[in-house]
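Asker: generate coordinates for the sequence data below:
(one chain, ligands or ions: 1)
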Amino acid sequence: MLYQRSSALFDEAYQYIPGGVNSPVRAFKSVGGVPIFMKSAKGAYMTDADDNTYIDYINSWGPAILGHTHPEVLEAIQKQAESGFSFGTPTELETEIAKLIVKNVPNIDQIRMVSSGTEACMSAIRLARGFTGRDKIIKFEGCYHGHSDSFLIKAGSGAATFGNPNSPGVTAGTAKDTLLARYNDAEQVADLFRHNPGEIAAIIVEPVAGNMGCVLPENNFLQNLRKLCDENGALLIFDEVMTGFRLAFGGAQEVFNVKADLVTYGKVIGGGLPVGAFAGRNEIMDHLAPKGGVYQAGTLSGNPLAMRAGLTTLELIRKDENLYQNLNKTAETLDFEIGKILNSKNIEHRINRKGSMMSIFFHVNAVSNFEEAANANHSLFNNFFHHLLANGIYLPPSGFETWFISAAIKENEIDRTLEVIRKFEYS
Ligand code: PMP
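Answerer: Okay, the predicted model is just below:
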């Protein structure tokens, strides 16, 4: 494939945008090569600036669960745009989407809309601190909750990919309130509670981690976190920015049957437009301004275009009774068949998968925390990535990221993907 125009666009972007990109993992820095500049996307496919097409396994890092540019979502956005882009006032639409979510997600009474997953997680932490009157939080190595200061301590995603999980610019004062534990290690969490009695406001966790590759909770990890929070008067925050409306409409709370005190959302909730949200029970959410004292606000929060895209997407998800079953089946087939192909080539690997989130780790036999994810052979992943890319299959450009399967991926796309993987040569 030729990437002439992408290369030229990247050179130009590099002069005006830091690193040529508006979000670091897009830069292909860890896999090497020039990032591909896309110009359009529809269903399972994206088309780049050189007119190459790709089967997309990122789906905008999760939002495009129905595939790109779904016709009904497109029409809804177009219609909404004719009524205005942004009012800075309340609208009926905001109540409509809030009601749909609150009525169909377990254990939440109220939801506040923001414009990104970062904002959602940052605000949930402030609310947890305001509610409990405590300062410290616990997060897990390799989990990513957006780029707010308190979370950039051993963070996953791009922070892990580029080897700066502790970002310069985060003050020591902020960092000292973020306590770290190993994912899937509830014992370490218990220790942190023992050593910081009455000081921990909340645990924030990705119930299925997607920012160190895909890592599943094991040995009742989530149930144990719930128990530890109850015993210690701390709040349990599920960061469902990836898992919300993806693993099930009710997200990880529904799938694992564990109740969180606060839940954060992003990605699917906005149907491809910039939306995040955080939600919880009345007794906690009532502490938010203007009702309560914990301040949180946003000029474009509840933006009508974004709400319309989100509402239409969520309604389409609700209407399709078989959606999650079908997504699961697609991902299961990929998981099974890719495993078979790699085994036939004697390439040791581990595929971690929950529903339509999955990723491959090479040269390890199990991955249940960040250390194990980091020990995988990432240069082999990079070769695998480039082989697929050169053959029109678009994976996330890092072994520390998760693939997101969309409903637009059908038998043809699966067959094509497997055909390309069959030709992968490991040397
Ligand atoms: N939490 C999780 C689990 C995420 O995966 C992400 C982004 N990938 C965020 C929070 C931050 O969301 P955003 O990029 O929309 O700020």
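Asker: which element is A98 on?
Answerer: helix 92-104 (DSSP states H and E).
Asker: ok, residues contacting that helix?
Answerer: When contacts are taken as CB atoms under 8 Å, 6 or more residues apart in numbering, the neighbours of helix 92-104 outside the stretch itself are 108-111, 113, 249-250, 269, 277, 279, 302, 304, 307-308, 310-311, 314-315, 318. Quick note: C-beta positions are derived from backbone N, CA and C, even for glycine.
Asker: now swap in stretch 290-304 and tell me
Answerer: 80, 83-88, 90-91, 93-94, 112-115, 119, 123, 126-127, 130-131, 273-275, 286-289, 306.
Asker: try stretch 152-160
Answerer: 23-25, 139, 141-145, 165-167, 170, 175, 178, 180, 209, 211-212, 370, 374, 398, 400-401.
Asker: from the residues you listed, which ones fall inside strands?
Answerer: K139, T178, L180 (DSSP state E).
Asker: between those residues, which has the most around it?
Answerer: Sorting the ones in strands among the contacts of stretch 152-160 by how many neighbours each has (other CB atoms under 10 Å) puts K139 first, at 27 neighbours.
Asker: could you pull up phi and psi at whichever residue of the stretch 201-350 of the chain sits closest to the ligand?
Answerer: Of all residues in the stretch 201-350 of the chain, V241 sits closest to the ligand, at 3.5 Å by CB to the nearest ligand atom. Here is the backbone geometry of V241 (degrees, to the nearest 10): phi -60, psi -40.
Asker: and it, how far from I421?
Answerer: V241 sits 29 Å away from I421, taking CB to CB, to the nearest Å as the criterion.
Asker: so those two - more neighbours on which side?
Answerer: Summary of the neighbour comparison: V241 and I421, criterion other CB under 10 Å, with V241 having more neighbours (30 against 21).
Asker: coming back round to it: of the contacts of stretch 152-160, which ones also sit close to the ligand?
Answerer: Residues of the contacts of stretch 152-160 in contact with the ligand (CB under 6 Å from any ligand atom): Y144, H145, N211.
Asker: in TSV: those residues, plus neighbour count.
Answerer: Compiled in TSV, those are given as follows (neighbours: other CB atoms under 10 Å):
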residue	neighbour count
Y144	28
H145	29
N211	28
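Asker: point out where the stretch 101-250 of the chain drops to low pLDDT.
Answerer: In the predicted model, the stretch 101-250 of the chain carries pLDDT under 70 at residues 162-165.
Asker: residues near the residue in the stretch 101-250 of the chain that the ligand sits nearest to, how many?
Answerer: In the stretch 101-250 of the chain, no residue comes nearer to the ligand than G117, which is 2.2 Å away by CB to the nearest ligand atom. Counted with other CB under 10 Å, the neighbours of G117 add up to 30.
Asker: tell me the buried residues within the contacts of stretch 152-160.
Answerer: Buried by 16 or more other CB atoms under 10 Å: 24-25, 139, 141-145, 165, 170, 178, 180, 209, 211-212, 370, 374, 398, 400-401, out of the contacts of stretch 152-160.
Asker: among those residues, which are in helices?
Answerer: With helices defined by DSSP state H, the entries of those inside them are F370, A374.
Asker: isn't V205 right up against R226?
Answerer: No: here V205 lies out of contact with R226, judged by CB atoms under 8 Å, at a distance of 10.3 Å.
Asker: neighbour-wise, which of those two wins?
Answerer: Neighbours of V205 and R226, each counted by other CB under 10 Å, are more numerous for V205; the result is 25 against 18.
Asker: is the more buried one bridged to anything, and to what?
Answerer: In this structure, V205 bridges to F238 when assessed by DSSP bridges.
Asker: so what's it up against?
Answerer: Residues in contact with V205 (CB under 8 Å, 6+ apart) are K139, F140, C143, L222, L225, L236, I237, F238, D239.
Asker: switch to 7 Å and redo it
Answerer: F140, C143, L225, F238, D239 (CB atoms under 7 Å, 6 or more residues apart in numbering).
Asker: how many residues are close by the nearest residue to the residue of the stretch 101-250 of the chain closest to the ligand once chain neighbours are set aside?
Answerer: Across the structure, with CB to CB, 6 or more residues apart in numbering as the measure, the residue nearest G117 apart from its sequence neighbours is G266 (3.0 Å). Here the number of neighbours of G266 (other CB under 10 Å) works out to 28.
Asker: do I have it right that G266 meets T118?
Answerer: No: assessed by CB atoms under 7 Å, G266 is found out of contact with T118, at 8.2 Å.
Asker: what's the domain layout of the protein?
Answerer: For the chain, whose domains are defined here by automatic domain parsing, the residue ranges read 4-69+321-422, 71-319.
Asker: any idea how far apart the tips of the last one sit?
Answerer: With CA to CA, to the nearest Å as the measure, the first residue of domain 71-319 is 15 Å from its last.
Asker: for that domain, what is the distance to the chain centroid?
Answerer: Average the C-alpha atoms of domain 71-319, do the same for its chain, and the two points are 10 Å apart (CA atoms, centre = their mean, to the nearest Å).
Asker: same check, this time on stretch 40-53
Answerer: Relative to its chain's centre, stretch 40-53 lies at 22 Å (CA atoms, centre = their mean).
Asker: repeat for stretch 340-352
Answerer: Relative to the chain's own centre, stretch 340-352 is displaced by 25 Å; criterion: CA atoms, centre = their mean.
Asker: pull out the buried residues from that stretch.
Answerer: Going by 16+ other CB under 10 Å, stretch 340-352 has these buried residues: L342, I347, H349, R350, I351, N352.
Asker: equivalent analysis for stretch 9-26, please.
Answerer: Residues L9, F10, A13, G20, V21, P24, V25, R26 are the ones in stretch 9-26 that count as buried (16+ other CB under 10 Å).
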